[in-house]
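Trainee: Need coordinates for the below:
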Amino acid sequence: MRREAKILKIKSIASLKRAIESFNQITPDEGRVTWTLMAMQHSLEMLMKCLLLEFGNPNKLFDRDRNRSQGLRKCIGLARMNKTIKLTPDEAGIIAAIDEMRDAEQHWHNYVSEGILYHHLRAAVTLIDDLLQRCLKERLADHLPARVLPISTEPLRDLQVLVDSEFSQAQKLLKPGKRATPEGKARIRTLLALHSHADPDYDFGEKEVERVAQEIKAGKGRAEILPALTDINSVVSGEGLNVNVRISKNEGLEVRYVNDPEQAAGIRKVDLRDHFAISFKDLADKVGLTTMRLSALKAHAGIDDDPECRHVWSFGKVQHAGYSQKAVQILKEVLEKVDMTNIWQAHNPMWKGDRDNLCIQPGCAAKKNKR
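Mentor: All right, here's what the predicted structure looks like:
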């Protein structure tokens, strides 16, 4: 194993120990959830980078524009495409959900119930063991004594039961006259973080939290407000110290956004402002490019012509474009497969001359549109 990869693996195991210690602490709970999520998120990030350094292209682990190592979300995308790591969407969802809960806990505040925290910590321990075995032919037991695992006095409940419970608590806290809106929104942040199980590229902001809060106050149900959460479940095997937890997304019908209701077999009305909530600048940040280079990559991928990726609102003579999570996913996948230097040369938006033959990368949408 590469020397740096070994260092990252050591850091991953060390942070895992800290996460388990924080979860199992008996002293008062102040800061317990914060430290547990931060340590577990760091453990997963270090393991991702360890495996990507060992089995992938080390150059892709650094962002040349920002001159620093890539964040966890970028590493998840690289690991999903790596032929050795083979990170599945379900596994990516576990990491992304922990990352979202950690982000809300570290930078603002949220409420993570004991059941959801235990579920995800156990799932993370299972995932780390799976990755060590799959990629390095090691077991987590090689690094930890058997007793050092998350322990809870509560029985492991079904994930859907936990989600229902959290939603019910949010409803109670947001009732008129309760004066507990901050506490209700704290639970909403955790519920939104769980969307990552259905879509590992999903992230949310305070506008989404406020939207959910308003819809709860309006009396809407969980299935209507948070439909993606109905598609996730957990599979528990073993017992006692050897229990394993794997969280997965149920396979359902494919969903498309259409303008003509007659084209749809079933209709769910959505607010396009929520679906296409990503601005051009935010899209550049999520993909990890400057806005100019993003323009070149967009032209190559052709996402502006995909109605499920981009929507344009017209306000008189002013137009505003919004992008969806699907646009983020497509651009990240394309970025992993192409030479960005050639994409920039071929699709630089400032270039005024003829460049029909400049792009030599596969799947160029700009060339197809000119045929």
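Trainee: burial of residue 145, as a residue count?
Mentor: Neighbourhood size, residue 145 [other CB atoms under 10 Å]: 7. Bear in mind the C-beta positions are built from the backbone N, C-alpha and C, glycine included.
Trainee: quick one: secondary structure of it?
Mentor: coil (DSSP: H, G, I helix; E, B strand; the rest coil).
Trainee: Quick one, grab the pLDDT at it.
Mentor: You'll see residue 145 listed with a pLDDT of 77.
Trainee: With the one 5 residues further on instead?
Mentor: Looking at residue 150, its pLDDT reads 71.
Trainee: now do residue 161
Mentor: Looking at residue 161, its pLDDT reads 88.
Trainee: Look up which helix or strand it falls in, please.
Mentor: Element membership for residue 161 (DSSP states H and E) is helix 159-173.
Trainee: helices or strands next to that helix in the packing?
Mentor: Judged by 3 or more CB pairs under 8 Å, 6 or more residues apart in numbering; DSSP states H and E, helix 159-173 is in contact with helix 114-136, helix 181-193, helix 206-217, helix 222-225, strand 232-237.
Trainee: how about these in a markdown table, adding distance to residue 27, mean neighbour count and mean pLDDT?
Mentor: Below are the helices and strands packed on helix 159-173 laid out as a markdown table (distance: least, CB to CB, whole Å; neighbours: other CB atoms under 10 Å; pLDDT from 0 to 100):
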| stretch | distance to residue 27 | mean neighbour count | mean pLDDT |
| --- | --- | --- | --- |
| helix 114-136 | 16 | 21 | 93 |
| helix 181-193 | 23 | 21 | 94 |
| helix 206-217 | 31 | 16 | 92 |
| helix 222-225 | 35 | 14 | 90 |
| strand 232-237 | 29 | 16 | 81 |
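Trainee: returning to what we had before: name the residues of the helix holding residue 161 that are buried.
Mentor: Across helix 159-173, burial judged by 16 or more other CB atoms under 10 Å covers 159, 162, 163, 166, 167, 170, 171, 173.
Trainee: Skipping adjacent residues, who's closest to the third one in space?
Mentor: To tie it back to what came earlier, the one meant is residue 163. Closest residue in space to residue 163, ignoring its immediate chain neighbours: residue 229 at 5.3 Å, by CB to CB, 6 or more residues apart in numbering.
Trainee: quick one, what contacts that neighbour?
Mentor: Applying CB atoms under 8 Å, 6 or more residues apart in numbering to residue 229 gives the contacts 163, 191, 194, 195, 198, 222.
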